[in-house]
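Undergrad: the following comprises the amino acid sequence and a computationally predicted model.
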Amino acid sequence: MSRWIIPIAVSLALVAAARAECQPRPALAVDRAIIRVNAGGNELRALRDAPVAFSSLEQIVASISRATVPHAAPLTIVRASPPQEIDYLLCVTSAGTLVVGERILAVGADGPLRLFVRGEISRSYPSLSVPDGWLWLVDVQLSREVRVTLQLRAPARWPLEAVAVTTDFSQ
């Protein structure tokens, strides 16, 4: 009977390995300053040292509702279909709540043309309880198959100038 077990175990291992190879894997580009994740024709760019440009809801609402923004976007998603760019701006309130505002831009067929579509508050996240400061987990749906979880960390002092960004992939 043991001579049947080994071939069955090997067959099951081969099937499992083949399934794992068929799963879509996001492409992660290694860069000291920027995290880049590509999946399904879409790209996520996140600054590892992401600026927090706003410390109140009034500030972020006023900025994201304008066609031009003087602040660099710490997080950006470039969508293939429909062609658009979504810039995410960060605000941390005095209570440690992370507020994420999004600015959606339609991208022209030639690439450089970007037309402001809308800006709005997308989500807010209370800080998770960690001993060394504030921690927020932000889920981003990059494609139908790929979700990216961004971990944003900062010391628990206000106002913040930047957060440290790391990532983990989910499918």
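TA: Nice, thanks for sending it over.
Undergrad: which other residues reach whichever strand or helix holds Ile121?
TA: Secondary structure assignment for Ile121, by DSSP states H and E: strand 114-125. By CB atoms under 8 Å, 6 or more residues apart in numbering, the residues outside strand 114-125 that reach it are 57, 60-61, 63-68, 84-85, 88, 97-108, 136-138. Yep, even glycine has a C-beta here, placed from its N, CA and C like the rest.
Undergrad: residue ranges of the helices in the chain, please?
TA: Ranges of helices in the chain, per DSSP state H, are 2-22, 57-64.
Undergrad: pLDDT below threshold where in the protein?
TA: 1-31, 69-71, 109-112, 169-171 (pLDDT under 70).
Undergrad: what about 80?
TA: 1-32, 67-72, 109-113, 168-171 (pLDDT under 80).
Undergrad: what's the closest non-adjacent residue to the one residue sitting closest to the centre of it?
TA: Here the mean C-alpha position of the chain is nearest to the C-alpha of Val140 (CA atoms, centre = their mean), at a distance of 4.7 Å. In space, and not counting its chain neighbours, Val140 is closest to Val148: 4.7 Å by CB to CB, 6 or more residues apart in numbering.
Undergrad: now that neighbour: how far from Ser81?
TA: For Val148, the distance to Ser81 (CB to CB, to the nearest Å) stands at 18 Å.
Undergrad: between the two, point out the one with more neighbours.
TA: Between Val148 and Ser81, counted using other CB atoms under 10 Å, the more crowded position is Val148 (22 against 8).
Undergrad: now the strand holding Ile121 - C-alpha only, CSV.
TA: Output of strand 114-125 as CSV, limited to C-alpha atoms (Å, rounded to 0.1, in the frame of the first residue of the first chain):
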residue,chain,number,x,y,z
ARG,A,114,-5.0,65.0,-17.5
LEU,A,115,-8.5,66.4,-16.9
PHE,A,116,-9.8,66.9,-13.3
VAL,A,117,-13.0,64.9,-12.8
ARG,A,118,-13.7,65.1,-9.1
GLY,A,119,-12.2,65.2,-5.6
GLU,A,120,-13.7,63.8,-2.5
ILE,A,121,-13.0,62.2,0.9
SER,A,122,-12.6,58.6,0.2
ARG,A,123,-12.1,56.9,3.6
SER,A,124,-11.0,57.5,7.1
TYR,A,125,-9.1,55.1,9.4
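Undergrad: pairing partners for it, with directions?
TA: Under the criterion DSSP bridges, strand 114-125 sits next to strand 98-107 (antiparallel) in its sheet.
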